[in-house]
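> with the input below, show me the fold.
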Amino acid sequence: MEKSVYKVTGIQDNFDPDLRKIIKTKKQTALIPVGSIEQHGPHLPVSTDSDIVTEVAKRVAKKCNLLLLPTITYGVSFEHAPFFNLSVTSATLQNQLVDICNSLGENKIRKVIILNGHHGNQKALSGIAGKISKMSRGQNKVFVISYWHHMEREFDHAGFAETALMLAVSNKAQMSRAKRGLITDKMSPKQKSRVSKLASTHFIKATKTGVWGDPTKATKKDGRRILSEIVQNIAKKVSKLPY
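Numbering: from 1, shown residues only. Model prediction:
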């Protein structure tokens, strides 16, 4: 008889008998990456958030033996208008994830990790764990992790860190078009807080280029190092999550 093997490339690439067998064999944890479709300056594609979180999720899923679900590529990015963005409301994103988590519970997958790849999604994701717990009477557990919280370098938007990560996970970056954006290194904490608040509602008022940071010196080597750091730190966190 052929051995049943789960493919960590994604749950969608697997077969019903195999999935039912591994779910029956032991408790499983699902991983749902969530990204966005939005502007990332002149040198990175609008798929950047989704591309990065997808690769981080693949590596974490493989390292921690998780069931990897397809990436939700639409996020809450209205703050980037009039730059290009394809957005859903916070309620829409939250409702979709609640439905998916409940469906996973119906399939006896009762622990879910939502891996967030876009800052604007945080409001939508903040209440999901409590809602799922209440709806399932405590049977289903949801944990939300934003990947950039697990890197030492301060994150940006299409700046050094995000550009380096894109160089590490894809060949889509066009570095000849990269330009410095908003630089906050010399700002006071109060100034940084003020500009961050502004960017969260009207990104163009904070930086007319759509870039936060300096992408011009980013390299694939930098990206690989940052990516490895993120995956290692998230894997440690995942190992400590209760079932």
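> how close does the closest residue to residue 51 other than its chain neighbours sit to residue 164?
Nearest residue to residue 51, sequence neighbours excluded (Cβ to Cβ, 6 or more residues apart in numbering): residue 170, at 5.4 Å. Any C-beta I mention is one placed from the backbone N, CA and C, and that applies to glycine too. Note on residue 170: its distance to residue 164, by Cβ to Cβ, to the nearest Å, is 12 Å.
> out of these two, which sits in the more crowded spot?
Just comparing residue 170 and residue 164: by other Cβ atoms under 10 Å the higher neighbour count belongs to residue 164, 24 against 17.
> measure that one to residue 128 for me?
The spacing between residue 164 and residue 128, counted by Cβ to Cβ, is 30 Å.
> at the geometric centre of the protein, which residue do we find?
residue 117 (2.3 Å; Cα atoms, centre = their mean).
> can you find the helix or strand in the protein with the smallest mean pLDDT?
helix 189-199 (a mean of 91; mean pLDDT, DSSP states H and E).
> CA-only coordinates of it in PDB, if you can.
Listed next in PDB are the C-alpha coordinates belonging to helix 189-199 (Å, rounded to 0.1, in the frame of the first residue of the first chain):
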ATOM      1  CA  PRO A 189      10.200  59.200  19.500                       C
ATOM      2  CA  LYS A 190       7.400  61.800  19.500                       C
ATOM      3  CA  GLN A 191       8.000  62.600  15.800                       C
ATOM      4  CA  LYS A 192       8.100  59.000  14.800                       C
ATOM      5  CA  SER A 193       4.900  58.300  16.700                       C
ATOM      6  CA  ARG A 194       3.200  61.300  14.900                       C
ATOM      7  CA  VAL A 195       4.300  60.200  11.400                       C
ATOM      8  CA  SER A 196       3.400  56.600  12.100                       C
ATOM      9  CA  LYS A 197      -0.100  57.600  13.100                       C
ATOM     10  CA  LEU A 198      -0.400  59.700   9.900                       C
ATOM     11  CA  ALA A 199       0.800  56.800   7.700                       C
END
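> which residues touch it?
Contact with helix 189-199 is made by 79, 157, 182, 184, 187, 205-207, 212, as judged by Cβ atoms under 8 Å, 6 or more residues apart in numbering.
> now, which of these lie within helices?
Here DSSP state H is the test, and the contacts of helix 189-199 give 205-206 as lying in helices.
> counting neighbours, which of the contacts of helix 189-199 comes out on top?
Within the contacts of helix 189-199, neighbour counts (other Cβ under 10 Å) peak at residue 157, which reaches 28 neighbours.
> all strands of this protein, in order?
Taking DSSP state E to define them, one finds strands in the chain at 29-34, 37-38, 67-68, 85-86, 111-116, 141-146.
> TSV for the ones you listed, including distance to residue 105, mean neighbour count and mean pLDDT?
Listed next are the strands of the chain as TSV, based on distance: least, Cβ to Cβ, whole Å; neighbours: other Cβ atoms under 10 Å; pLDDT from 0 to 100:
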stretch	distance to residue 105	mean neighbour count	mean pLDDT
strand 29-34	10	24	98
strand 37-38	28	24	98
strand 67-68	13	24	97
strand 85-86	29	16	98
strand 111-116	8	24	98
strand 141-146	10	20	98
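> separation between residue 143 and residue 114?
Taking Cβ to Cβ, one finds residue 143 at 7 Å from residue 114.
> about what we covered before: quick check: buried residues in the least confident helix or strand of the chain?
195, 199 (16 or more other Cβ atoms under 10 Å).
> swap in stretch 37-44?
37-41, 43-44.
> with adjacent residues omitted, what lies nearest to residue 22?
Spatial nearest neighbour of residue 22, excluding adjacent residues (Cβ to Cβ, 6+ apart): residue 6 at 5.2 Å.
> report the inter-axis angle for the helix of greatest length in the chain versus strand 29-34.
Ranked by residue count under DSSP H, the longest helix found in the chain is helix 220-239. Relative orientation of helix 220-239 and strand 29-34, computed by axes from the mean of the first three to the mean of the last three Cα atoms, to 10 degrees: 140 degrees.
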